[in-house]
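In: no sequence for this one, just the structure:
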C-alpha cells in the first residue's frame with residue numbers, strides 16, 4: 001500500500017512532524033519518505049531486533065568491520081541495521097518515535113560508521129552503495145521528532161561526497177547521481193538538485209558506441225556487453241524511482257525521455273519475463289547469484305510507471321497481472337532482434353524462446369569480482385526456452401557449463417573456467433537477425449575455443465527450427481550441440497527409447513525421431529546421434545561465485561544433446577523445437593520445409609504461414625519448390641507474400657541485390673536494397689517486391 005501513498009501523503013502533510021522544507025524539497029522529501037519507509041509493523045519489528053543487538057560502543061558483534069571483500073561485503077550490514085533503527089524511529093504511529101535509547105543508538109552507530117569508515121576493494125560499495133544508504137537514512141531522519149546532531153549530519157553529508165557522477169556512464173552514472181540527489185534534498189541545494197537530475201536522467205538517451213541504452217533498445221554496460229538485466233535493471237530502477245519522486249515538479253522527466261524510458265521498459269525489459277522469471281541471457285555475471293532470475297518486486301515498479309507514464313496504464317495493469325501469473329495472460333506475439341546487443345527475443349502466449357550471441361561488436365558474458373567463473377560459453381547461441389517461467393531458476397550451480405542450452409561446443413571432461421575478467425571480446429563478425437516484429441530468423445557464425453559452426457534459428461508460431469552446418473574442430477574432445485539443460489519435470493518420452501529417471505543414455509535416433517519433456521518437444525527431421533540424461537547433478541553456488549556458500553545443491557536435470565564426434569569436419573544438425581506441446585505426434589513435419597543447410601546458406605519455408613526465411617553466409621542461390629532466391633552479399637532475409645525483410649549480419653554492406661523467382665508462376669522480382677546505416681546497421685529493412 002505504501003507504494004500508492006504519494007497523493008495521500010501530499011494531502012495529509014500536516015501529520016508529519018518534520019520541519020517544513022521549502023518547495024519543491026518538501027514535496028519531494030515526502031515522496032521519498034513514502035517510498036523508503038517500511039510500514040509500521042515491519043518498522044517496529046526490525047527496529048526492535050536492531051536495538052536489542054547493538055553493543056554499547058555502537059557496533060554489532062556479528063559485523064566484520066575489517067572485511068574488504070569485493071562482493072558480499074560484510075560491513076554494509078552495519079548501515080542496514082542503522083536503517084532498521086531509523087525506520088522504527090521515524091515511522092508514523094511508532095511507539096519508538098520518542099524512545100531516547102533508540103535515538104542515542106542511532107547517533108552512536110552513525111558516529112562509529114563515520115570513524116571506522118570501512119572500505120571495500122570494490123569501488124561500487126564505496127562510491128554507490130554506502131552513500132546511497134547514508135542518503136536514505138538522512139532523508140528518513142528529516143521526519144523524526146528529534147533530528148540528528150547538526151555536526152554529525154554535516155560529517156555524514158561530507159562522507160557522501162564520493163563517486164564522480166559526470167565521469168560514469170549508464171547505470172553507474174544513475175546510481176551515483178542518486179545519492180547526489182538525496183544530498184541535495186537534505187541540504188536544500190537547488191543547484192545540486194538540478195545537476196544531480198541532469199546526470200541521473202542523462203542515460204535516458206540513445207547512444208551508439210557507448211555504454212547505455214542503444215538504438216535497438218537493448219542495454220549495454222561494461223563495454224558493449226548485453227545487460228538488459230543486471231545493469232539495465234539498475235538503470236530502470238534508479239530512473240523510475242527518481243522520476244516518480246520529481247513528477248509534478250519543475251524537475252520532472254521530460255516527455256522525450258519518458259518516451260524512451262517507456263519503450264525500453266515495455267518493449268525490451270518486460271518482454272524478457274515469463275511470469276516472475278527473466279531470461280538467464282540478460283543477467284550477465286548475475287546469473288550466478290542465487291534467486292536472481294525471480295523478480296518478486298516488479299509489480300511495485302509497474303505501479304511507479306503507472307504514476308509517471310499514465311498513457312500506458314492499461315498495458316501496465318495487464319503486465320502486473322501477467323507477472324503475477326504462471327499462464328499466458330494477454331501476451332501478444334512478438335519478435336525482435338537487437339542488432340546492437342546480439343540478442344533475439346521471440347514471444348508467444350504459450351512460450352518464450354530467446355537467443356544470445358556475440359560478435360566483434362560485442363563482448364562475451366563477463367567474469368568479474370569472482371562471479372560467473374564458468375560462464376565461458378554463455379554467449380555462443382544460448383537459448384532460453386520458457387513455458388511457465390522457472391525452468392532454469394537456480395539451476396546454475398548444477399549446470400554442466402559446456403552444455404549451455406543451444407550452444408555448440410567442446411564436451412570437456414571437466415568444466416573450464418574463464419580466464420578473462422570483465423568481458424572477452426567476440427571473435428566472429430557474422431551475427432545478426434531479421435524481423436518483421438512477429439517472425440524472424442537469427443544466425444551466428446561460431447568461431448571460438450577451437451570450434452567453428454554456422455548456427456541459425458528460424459522462428460514461427462508453434463515451431464522454432466534450429467540448423468547447424470559446417471561444424472568443424474581440431475580439438476581432441478567430442479563436439480556437441482546442446483538442445484536443453486533444465487530441471488527435470490515429470491517424465492521424458494521419446495519415439496526411440498524408454499527414457500528412465502536417473503539415467504544417461506546414447507541413441508542413434510532415426511529420421512523423424514522426437515523427444516518430449518515438460519511440454520517442450522524436440523523433433524529430428526534427420527538421423528542424429530543423441531544423448532539424453534535425467535541424472536542427478538550437484539554443485540554449489542560457491543563453485544561458480546565465490547561470494548556464496550559451499551552448501552551442496554543437487555537435483556535431477558533433463559539434458560539433451562547431439563554428439564558430432566571428435567574432430568568433426570563439415571558436420572551438421574537439424575532439430576525443430578515445439579514449445580508448449582503435449583503431443584509431438586500431432587506435429588505435421590510436412591509443414592516445415594528445410595530447404596538448405598550447408599556452408600553457404602540455410603533456409604526454411606513454412607507451408608501454412610507461407611513464410612520463407614534464409615541465411616546467406618556468402619553470395620549464393622537457394623532453390624526450393626516455392627522460390628528461387630539469389631543474393632550478391634551475405635544477409636539474412638524473411639519473405640512473406642510480396643514483403644521482403646533483409647538485414648546485414650556483418651553490419652558492413654551498403655547495398656544488397658536480391659532476386660526472387662516464384663517457381664509456380666515463373667515471375668521474377670528484383671530489388672537493390674539500401675541497408676540501414678549508422679547506428680542502425682544490422683537493423684531489418686522492409687521492401688515491397690513487384691513480380692513481373
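Out: Great, that's in hand. Predicted model only: the values in this text are computed from it and were never measured.

In: ok, residue 498 - how many residues close by?
Out: For residue 498, the neighbour count with other CB atoms under 10 Å is 9. Where C-beta positions appear, they are placed from N, C-alpha and C, glycine not excepted.

In: what of residue 37?
Out: Each residue near residue 37 was counted by other CB under 10 Å, and the total is 21.

In: tell me the contacts of it?
Out: Residues in contact with residue 37 (CB atoms under 8 Å, 6 or more residues apart in numbering) are 2, 43, 87, 90, 91, 140, 143.

In: take those residues and write them to CSV, including secondary structure and pLDDT.
Out: Shown next, in CSV, are the contacts of residue 37 (DSSP: H, G, I helix; E, B strand; the rest coil; pLDDT from 0 to 100):
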residue, secondary structure, pLDDT
2, helix, 42
43, helix, 95
87, helix, 97
90, helix, 97
91, coil, 96
140, helix, 98
143, coil, 96
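
In: redo the residues you listed as JSON lines? Include neighbour count and distance to residue 416.
Out: Listed next are these as JSON lines, based on neighbours: other CB atoms under 10 Å; distance: CB to CB, whole Å:
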{"residue": "2", "neighbour count": "16", "distance to residue 416": "47"}
{"residue": "43", "neighbour count": "24", "distance to residue 416": "48"}
{"residue": "87", "neighbour count": "26", "distance to residue 416": "46"}
{"residue": "90", "neighbour count": "28", "distance to residue 416": "52"}
{"residue": "91", "neighbour count": "22", "distance to residue 416": "52"}
{"residue": "140", "neighbour count": "23", "distance to residue 416": "48"}
{"residue": "143", "neighbour count": "22", "distance to residue 416": "54"}
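
In: and these, which is closest to residue 538?
Out: Nearest to residue 538, judged by CB to CB, of the contacts of residue 37 is residue 87 at 40.0 Å.

In: not counting sequence-adjacent ones, nearest residue to that closest one?
Out: Nearest non-adjacent residue to residue 87, counting by CB to CB, 6 or more residues apart in numbering: residue 43, 4.1 Å away.

In: ditto for residue 98
Out: Residue 98's closest residue in space is residue 145 (CB to CB, 6+ apart), at 6.3 Å.

In: and what of residue 298?
Out: residue 323 (5.4 Å).

In: of all the contacts of residue 37, which comes closest to residue 620?
Out: Nearest member of these to residue 620, counting by CB to CB, is residue 2, at 61.5 Å.

In: which helix or strand contains the residue nearest to residue 98?
Out: For residue 145, there is no host helix or strand (DSSP states H and E).

In: find me the pLDDT at it, would you?
Out: Note on residue 145: pLDDT of 94.

In: kindly report the same for residue 288.
Out: 98.

In: isn't it right up against residue 373?
Out: Yes - using CB atoms under 8 Å, residue 288 is in contact with residue 373, at 7.5 Å.

In: overlap in contacts, these two.
Out: 544, 545.

In: between the two, who's got more neighbours?
Out: residue 288 (25 against 18).

In: please give me every residue in contact with the residue nearest to residue 87.
Out: Going by CB under 8 Å, 6+ apart, the list of residues near residue 43 reads 37, 87, 88, 90, 91, 94.

In: kindly report the same for residue 306.
Out: 313, 316, 317.

In: now these as CSV including secondary structure, neighbour count and distance to residue 242?
Out: Shown next, in CSV, are the contacts of residue 306 (DSSP: H, G, I helix; E, B strand; the rest coil; neighbours: other CB atoms under 10 Å; distance: CB to CB, whole Å):
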residue, secondary structure, neighbour count, distance to residue 242
313, helix, 13, 20
316, helix, 24, 18
317, helix, 13, 23
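
In: longest strand in this structure, by number of residues?
Out: Ranked by residue count under DSSP state E, the longest strand found in the chain is strand 553-566.

In: got the buried residues for that strand?
Out: Buried positions in strand 553-566, judged by neighbour count with 16 or more other CB atoms under 10 Å: 553, 557, 558, 559, 560, 561, 562, 563, 564.

In: could you do stretch 564-577 as well?
Out: Those would be 564, 568, 571, 572, 573, 574, 575, 576, 577, for stretch 564-577 by 16+ other CB under 10 Å.

In: start to end distance for that stretch?
Out: Stretch 564-577 has an end-to-end distance of 19 Å (criterion: CA to CA, to the nearest Å).

In: returning to what we had before: out of the contacts of residue 306, who's nearest residue 231?
Out: Closest to residue 231, out of all of those and judged by CB to CB, is residue 316, at 22.9 Å.

In: surely the closest one touches residue 301?
Out: No - when contacts are counted by CB under 8 Å, residue 316 is not listed as touching residue 301 (9.5 Å).

In: below-threshold pLDDT in the stretch 1-150 of the chain: ranges please.
Out: 1-20 (pLDDT under 70).

In: for it, what spans make up the helices?
Out: 6-11, 25-36, 40-53, 76-90, 100-116, 123-124, 130-141, 150-159 (DSSP state H, counting those that start in this stretch).

In: try the stretch 201-350 of the chain
Out: 231-246, 255-264, 298-308, 313-323.

In: how about CSV for those helices, with distance to residue 221 and mean pLDDT added?
Out: Below are the helices of the stretch 201-350 of the chain laid out as CSV (distance: least, CB to CB, whole Å; pLDDT from 0 to 100):
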stretch, distance to residue 221, mean pLDDT
helix 231-246, 4, 98
helix 255-264, 14, 98
helix 298-308, 19, 96
helix 313-323, 24, 94
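
In: what's opposite the nearest residue to residue 477 once chain neighbours are set aside in the beta bridge?
Out: Ranked by CB to CB, 6+ apart and with sequence neighbours excluded, the top spatial neighbour of residue 477 is residue 410, at 5.1 Å. On the basis of DSSP bridges, residue 410 is bridged to residue 479.

In: burial of residue 410, as a residue count?
Out: Using other CB under 10 Å: residue 410 sits among 20 other residues.

In: tell me what the longest strand of the chain is packed against?
Out: The contact analysis (3 or more CB pairs under 8 Å, 6 or more residues apart in numbering; DSSP states H and E) places strand 553-566 against strand 478-487, strand 513-517, strand 528-533, strand 536-539, strand 571-579.

In: switch the cut-off to 7 Å
Out: With contacts defined as 3 or more CB pairs under 7 Å, 6 or more residues apart in numbering; DSSP states H and E, the packing partners of strand 553-566 are strand 478-487, strand 528-533, strand 536-539.

In: name the nearest residue to residue 604, sequence neighbours excluded.
Out: residue 458 (4.3 Å).

In: so what's the one you found up against?
Out: 441, 464, 465, 604, 613 (CB atoms under 7 Å, 6 or more residues apart in numbering).

In: need those in a markdown table with neighbour count, can you?
Out: Output for the contacts of residue 458, formatted as a markdown table (neighbours: other CB atoms under 10 Å):
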| residue | neighbour count |
| --- | --- |
| 441 | 30 |
| 464 | 22 |
| 465 | 25 |
| 604 | 27 |
| 613 | 28 |
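
In: any chance of those residues in CSV with pLDDT as columns?
Out: Putting the contacts of residue 458 into CSV (pLDDT from 0 to 100) gives the following:
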residue, pLDDT
441, 99
464, 98
465, 98
604, 98
613, 98
